[in-house]
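Visitor: Need coordinates for the following:
(one chain, ligands or ions: 1)
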Amino acid sequence: MCARHLHPPRTLGATPTVELAAVNRPEKFVSTRRGFLHVTAGGLLGSGALAAAAGEGETAPGTTSQFPSYPNLQSGEVIRTGGQVSADQRQLIEQPRAIPIVGTSDVLVCGGGPAGIGAALAAARAGASVQLIDVAGCLGGVWTAGLLTKILDSENKSGVMAELLAEFATRGSAAAKHSSGTVYDPEIAKLVLEELCVEAGVKIRLHTRLVGAVTDDSGRLIAALTESKSGREAWLAERFIDCSGDGDLAAHAGCGFDVGVGTDCQCQPMSMLALLSGVDPEAVRPYLRGTGSEAKRRLLELMEANGVKPSYRAPTLRHLHSGIYSLMTNHEYGVSAFDAGAITEATIRARREIHEIVTGLRKLGGAWQDLAVVATAEQIGVREGRRIRGRYHITASDLATGLRHDQAVCRAKFGIDVHALNDLGHKQIDQEFKKGGARPYDIPYPALVAADVDGLLMAGRCISGDFIAHSSYRVTGNSVPMGEAAGLAAAVSVQKGVMPHDLNWREIQNA
Ligand SMILES: Cc1cc2nc3c(=O)[nH]c(=O)nc-3n(C[C@H](O)[C@H](O)[C@H](O)COP(=O)(O)OP(=O)(O)OC[C@H]3O[C@@H](n4cnc5c(N)ncnc54)[C@H](O)[C@@H]3O)c2cc1C
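Guide: Just a heads-up that it's a prediction; the model follows:
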């Protein structure tokens, strides 16, 4: 397995110390927290370089007097960045600056996708004050910004997952009702998720990316740093839950993690989803997902007969409502979830491919002559990022034996689903990974608890597991109950004044 960062240092001596401006800091934080904190944010610069960048005669880093006050957001003011280019011209050495603390909460949830929604709602409903942060302009992650439209492995789930399915079905189209909410309209999902979070008292901050995290000397996570139009900001919390999919918060906090498979960290491909319109559902029925296992093959043959060769050989076309369809038919191979440049190129390629495929189908005429792209996902679908090291590691052998665990937060039934890792043909690769097979298995609570940093839980596709196990538990019907469990655990651990790893799942449920 690719293991990039397995044994992180407990203390981060090589990183600079940066002061967080202690404005509006509640009494409990002032009395229990140190003024200077270890930070991993915005790169690893040597402290010597930073001191040099601050310049002679200036106030020592760590005191507030040299720092500008808060910017006036209303008038568009900013806190300017100071710095200088290093002698070798390879780095920009940023000058230390005070970062305003803009929020304090019992529980901070990073990422408002399926896992983050479960986490935020459960923590808030258990009485915790909750701050939810997401980089996108809506809640829902791959459900909404990713235009997914299908929830897998939710049938045996209760709690928040069942509640969401009921909302999606009640407020959705005939297809949503017919599928008990598992086929949903992303626009309705956006609205439902916002309403539920607002109603539960969750504080939501959209358009805001987590870019750093702060641990204290004991290895406890105490603050998250973000960047947005409001500038660089700090958020304090008693407990944190990483629901970023890619494990961004945990990585910044110094957790160990695994990525992909093999020494080159090969990951599953990315795919961009799209919404289409302009065809009569009856006329294209044989090609629609949900009408039989042959639909994908027929659609592929139709495309190929017309000279269109989709990069994903099992195209899925699903009718959502009123002549609106969801399409998934492309693969982007070898793109790192941590390389914004590569993701940008993949996004541009995938969007172009979707338009080419639709143009190709339109040329068929007949039922397809008015086919049109209504929307492509704003966020390309990322199947794999970091798998954060937890206090239990779910493995392929757990799937093969059908793990039963006394701290099970839910039972996953979805099979091993490894897409092609390259464009040489996916079937052979798929079969290779499926060798051990899978039976329904438990997701243990300790797999949601970070091993290397205290006060941090994970939920969704970034929990602790191996490449094969991840290919199964990653689907959203499991992400929501994982989030719900992590949210409840975080709230209970605050109430009891103990760390999440000191709690047993049964104790949490009975609290
Ligand atoms: C193409 C594709 C098809 C799939 N098909 C299905 C399917 O049919 N059914 C199914 O159930 N599952 C499917 N999956 C799997 C499933 O979508 C994911 O594994 C699932 O989304 C995991 O949920 P999550 O909440 O962990 O992550 P995500 O949905 O990825 O949510 C992560 C959230 O965190 C936010 N975020 C990320 N980084 C930061 C940061 N640094 N700062 C702030 N916010 C951040 C994101 O904006 C996002 O809202 C598919 C996945 C892909 C990619």
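
Visitor: what about the nearest residue to Leu236 once chain neighbours are set aside, how many neighbours?
Guide: What sits nearest to Leu236 in space, not counting adjacent residues and going by C-beta to C-beta, 6 or more residues apart in numbering, is Thr104, at 4.6 Å. Any C-beta I mention is one placed from the backbone N, CA and C, and that applies to glycine too. Thr104: 19 surrounding residues under other C-beta atoms under 10 Å.

Visitor: I'd like the distance between Thr104 and Ala486.
Guide: Relative to Ala486, Thr104 is positioned 20 Å away (criterion: C-beta to C-beta, to the nearest Å).

Visitor: Might one say that Thr208 is in contact with Val135?
Guide: Yes - assessed by C-beta atoms under 8 Å, Thr208 is found in contact with Val135 at 6.4 Å.

Visitor: if we can go back for a sec, the residue nearest to Leu236 against Trp235, yeah?
Guide: Yes - with contact defined as C-beta under 8 Å, Thr104 and Trp235 form a contacting pair (7.4 Å).

Visitor: What residues does this structure have near the ligand?
Guide: Within the chain, the positions adjacent to the ligand are 110-116, 133-136, 141-142, 148, 150-152, 209-210, 243-246, 248, 271, 381-383, 460-461, 474-477, 479 by C-beta under 6 Å from any ligand atom.

Visitor: of those, buried ones?
Guide: Among these, those buried by neighbour count (16 or more other C-beta atoms under 10 Å) are 110-116, 133-136, 141-142, 148, 150-152, 210, 243-246, 248, 271, 381-383, 460-461, 474-477, 479.

Visitor: In a strand, the residue nearest to Leu236, correct?
Guide: Yes - Thr104 sits within a strand when classified using DSSP: H, G, I helix; E, B strand; the rest coil.

Visitor: so after the longest helix along the chain, what's the next helix or strand?
Guide: In the chain, with assignment by DSSP state H, the single longest helix is helix 340-362. Later in the chain than helix 340-362, the nearest helix or strand by DSSP states H and E is strand 372-376.

Visitor: Look up phi and psi at the residue in the stretch 201-350 of the chain positioned nearest to the ligand.
Guide: Relative to the ligand, the nearest point of the stretch 201-350 of the chain is Gly245 (3.0 Å; C-beta to the nearest ligand atom). With angles defined as degrees, to the nearest 10, Gly245 sits at phi 80, psi -50.

Visitor: Lys496: how many residues sit nearby?
Guide: Under the neighbour criterion other C-beta under 10 Å, Lys496 is assigned a count of 13.

Visitor: Next, the contact list for it, please.
Guide: For Lys496, the contact set (C-beta atoms under 8 Å, 6 or more residues apart in numbering) comprises Leu503, Ala511.

Visitor: In the stretch 51-200 of the chain, which residue sits closest to the ligand?
Guide: The ligand sits closest to Gly113 of the stretch 51-200 of the chain, with a gap of 2.1 Å, by C-beta to the nearest ligand atom.

Visitor: The longest helix of the chain to strand 372-376, inter-axis angle?
Guide: Relative orientation of helix 340-362 and strand 372-376, computed by axes from the mean of the first three to the mean of the last three C-alpha atoms, to 10 degrees: 160 degrees.

Visitor: Centre of the chain to helix 340-362, how far?
Guide: Its chain's C-alpha centre lies 22 Å from the corresponding centre of helix 340-362 when counted by C-alpha atoms, centre = their mean, to the nearest Å.

Visitor: Run through the neighbouring helices and strands of that helix.
Guide: Packed against helix 340-362, as judged by 3 or more C-beta pairs under 8 Å, 6 or more residues apart in numbering; DSSP states H and E, are the following elements: strand 273-277, helix 295-305, strand 324-328, strand 372-376.

Visitor: Start and end of stretch 400-412, how far apart?
Guide: In stretch 400-412, first residue to last residue: 12 Å (C-alpha to C-alpha, to the nearest Å).

Visitor: which outside residues touch that stretch?
Guide: Under the criterion C-beta under 8 Å, 6+ apart, residues 153, 156-157, 392, 394, 436-446, 448, 472-473, 478, 481-482, 484-485, 504-506 lie in contact with stretch 400-412.

Visitor: In it, which residues are buried?
Guide: Judged by neighbour count (16+ other C-beta under 10 Å), stretch 400-412 contains these buried residues: Ala400, Leu403, His405, Gln407, Ala408, Val409, Cys410, Arg411, Ala412.

Visitor: where do the helices sit along the chain?
Guide: Taking DSSP H as the criterion, the chain carries its helices at 27-32, 47-54, 114-125, 159-171, 174-178, 186-200, 248-253, 295-305, 340-362, 396-401, 426-433, 467-473, 476-496, 505-509.

Visitor: looking at the ones you listed, which is buried most?
Guide: When neighbours are counted by mean count of other C-beta atoms under 10 Å, the highest per-stretch mean among the helices of the chain falls to helix 114-125, a mean of 32.

Visitor: How far away from the center of its chain is it?
Guide: With C-alpha atoms, centre = their mean, you get 13 Å for helix 114-125.

Visitor: dump the residue contacts of Thr376.
Guide: The contact partners of Thr376, taken as C-beta under 8 Å, 6+ apart, are Leu147, Met272, Leu273, Ala274, Leu275, Ala350, Arg351, Ile354.

Visitor: Can you lay out those as a markdown table showing pLDDT?
Guide: Formatted as a markdown table, the entries for these read as follows, by pLDDT from 0 to 100:
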| residue | pLDDT |
| --- | --- |
| Leu147 | 98 |
| Met272 | 98 |
| Leu273 | 98 |
| Ala274 | 98 |
| Leu275 | 98 |
| Ala350 | 98 |
| Arg351 | 98 |
| Ile354 | 97 |
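
Visitor: Tell me which two of those residues sit farthest apart.
Guide: In the contacts of Thr376, two members sit farther apart than any others by C-beta to C-beta. They are Leu275 and Ala350, at 14.4 Å.

Visitor: Report the contact partners of Gly360.
Guide: Listed by C-beta under 8 Å, 6+ apart, the contact set of Gly360 reads Met303, Asn306, Gly307, Val308.

Visitor: These: which two are farthest apart?
Guide: Met303 and Gly307 (8.4 Å).

Visitor: Kindly state the pLDDT recorded for the closest residue to Phe414 other than its chain neighbours?
Guide: In space, and not counting its chain neighbours, Phe414 is closest to Asp153: 4.0 Å by C-beta to C-beta, 6+ apart. Here, the pLDDT recorded for Asp153 equals 98.

Visitor: which regions of the protein sit below the pLDDT cut-off?
Guide: The model of the chain has pLDDT under 70 over residues 1-69, 425-429.

Visitor: And it, what are its domain boundaries?
Guide: The record assigns the chain these domain ranges, following automatic domain parsing: 104-208+385-416+432-509, 273-376.
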